[in-house]
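Chemist: take a look and give me a structure for this.
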Amino acid sequence: MALAWGFTRTELINAVVTGLIGDGGLTAAGVRIYKGRTSAMSPSAGDVFPAILVWSGQSSDQNILDACTTPAEYEKTWSFTTDLRVVLGASSEDSDLDEALDVLEEQVRAVIMGDAVSVGGSPWSSNLDQFEQIAGVSAFYDDHVNGSDGKATRAALTFTCTSMIKYG
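Modeler: The predicted model follows:
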């Protein structure tokens, strides 16, 4: 069964990654924005920070028409997470780590929630057929960690968005 209109989970995540990368400088992470990365990230492995990982989450469909008499049209609710990672040198202050994470978080929010524009001056969601809005965002903040690679912290921003979708 094909989509008559709407977008897929993969298209959503690709749009988020492309939008955050923009022209290479919309966030402090630059082009270090990854979709579905399965290997661990570490400065000792050559990874550069800050970096952002984008993960897909849950979705749900709600029928908006009487499915017995019309094609199946739905309002779909999606979620995706931007996992923000910051690592600074061991001699840095905790306040520097906090500030770097706060700056990165606000840059991501500006792109996803619409204050900043992505490639070519368009919002990140402009190529998603029937995209409606960002409906909400929740944040989880991790503790600071001191390790052999320096001081690290992270935040996970989970965005909820809505769209219209038609199957068949």
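Chemist: select the longest strand from this structure.
Modeler: If each strand of the chain is counted by residues according to DSSP state E, the longest one is strand 150-167.
Chemist: and it, which residues are buried?
Modeler: For strand 150-167, burial by neighbour count (16 or more other Cβ atoms under 10 Å) applies to 150-163, 165. Any C-beta I mention is one placed from the backbone N, CA and C, and that applies to glycine too.
Chemist: please give the element, helix or strand, for the nearest residue to residue 60 once chain neighbours are set aside.
Modeler: Excluding its sequence neighbours, the residue lying closest to residue 60 (Cβ to Cβ, 6 or more residues apart in numbering) is residue 77, at 5.1 Å. Secondary-structure assignment from DSSP states H and E places residue 77 in strand 73-88.
Chemist: neighbouring strands - and their directions - for that strand?
Modeler: For strand 73-88, the paired strands and their directions (DSSP bridges) are strand 51-63 (antiparallel), strand 150-167 (antiparallel).
Chemist: ok, then the element right after that strand?
Modeler: helix 94-112.
Chemist: what packs against that next one?
Modeler: helix 9-21, strand 73-88, strand 131-141, strand 150-167 (3 or more Cβ pairs under 8 Å, 6 or more residues apart in numbering; DSSP states H and E).
Chemist: mind putting those in JSON lines, distance to residue 40 and mean pLDDT included?
Modeler: As requested, the helices and strands packed on helix 94-112 are arranged in JSON lines below (distance: least, Cβ to Cβ, whole Å; pLDDT from 0 to 100):
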{"stretch": "helix 9-21", "distance to residue 40": "19", "mean pLDDT": "93"}
{"stretch": "strand 73-88", "distance to residue 40": "11", "mean pLDDT": "92"}
{"stretch": "strand 131-141", "distance to residue 40": "19", "mean pLDDT": "94"}
{"stretch": "strand 150-167", "distance to residue 40": "12", "mean pLDDT": "92"}
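Chemist: all set, thanks.
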